[in-house]
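**Student:** below are the sequence and a predicted model for it; my questions follow.
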Amino acid sequence: MHSINIVPTSILLVEDNLDDVEMTKRALSQGRIRNPVYVVRDGEEALQFLRYQGPYEGTSHPRPGIILLDINLPKLDGHDVLRAIKNDAELKDIPVLMLTVSQRDEDIIKSYQYGTSVYIQKPVDFRNLIDIITGLEDFGLYITESTHD
């Protein structure tokens with residue numbers, strides 16, 4: 001009998017607000033999602049991470065299976081990052097979820113035009129964020145069966 005080692009897909013969180021990073025990580029944990037999470041703080045760093053460039057040149061981190069992307073970022077905003085990802089033959093198939101506070105119709109429309117899979121407005125309520133995160137199972141996230149570790 002052969003055993004198969006399934007490596008859960010990793011998550012790239014592109015977020016400059018440390019409080020939002022911590023809240024998202026807590027929501028993932030409480031939603032029992034155990035995928036490895038990598039965090040980058042701006043749009044330029046996100047593209048370097050994805051393309052193994054700059055400080056990530058020569059690193060062996062896995063290419064993420066899903067990207068949680070904020071719109072309001074330093075250096076390159078989320079729309080620019082999304083457009084770059086979807087125009088890159090090696091990256092375009094990675095699902096990108098816009099996870100942002102913006103409720104502007106213009107931001108929502110642009111996000112879908114540029115190829116986001118889902119546009120999620122960051123809820124103020126922590127429980128709502130957990131519900132949204134656990135709904136991400138459709139994107140290949142690894143959710144444990146047990147709520148305790």
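**Tutor:** In hand now; what should we look at? For clarity, every value in this text was computed on a predicted model and none was experimentally measured.
**Student:** from now on I want contacts and neighbour counts done on CA atoms only, so please keep to that.
**Tutor:** Noted.
**Student:** quick check: buried residues in stretch 102-117?
**Tutor:** Neighbour-count burial for stretch 102-117 flags Ser102, Asp107, Ile108, Ser111, Tyr114, Gly115, Thr116, Ser117 (criterion: 16 or more other C-alpha atoms under 10 Å).
**Student:** can I take it that the second one is in a helix?
**Tutor:** Yes: the assignment for Asp107 is a helix, going by DSSP: H, G, I helix; E, B strand; the rest coil.
**Student:** any idea how far it is from Asp70?
**Tutor:** Distance of Asp107 to Asp70, given as C-alpha to C-alpha, to the nearest Å: 11 Å.
**Student:** what do you get for the last one?
**Tutor:** Using C-alpha to C-alpha, one gets 13 Å for the distance from Ser117 to Asp70.
**Student:** strands along this structure, start to end?
**Tutor:** For the chain, the strands defined by DSSP state E occupy 11-14, 37-40, 66-69, 96-100, 118-121.
**Student:** and the residue nearest the centre of the chain, bridged to which residues?
**Tutor:** Centroid-nearest residue in the chain: Leu68, 2.0 Å away (criterion: C-alpha atoms, centre = their mean). Beta-bridge partners recorded for Leu68 (DSSP bridges): Leu13, Leu97.
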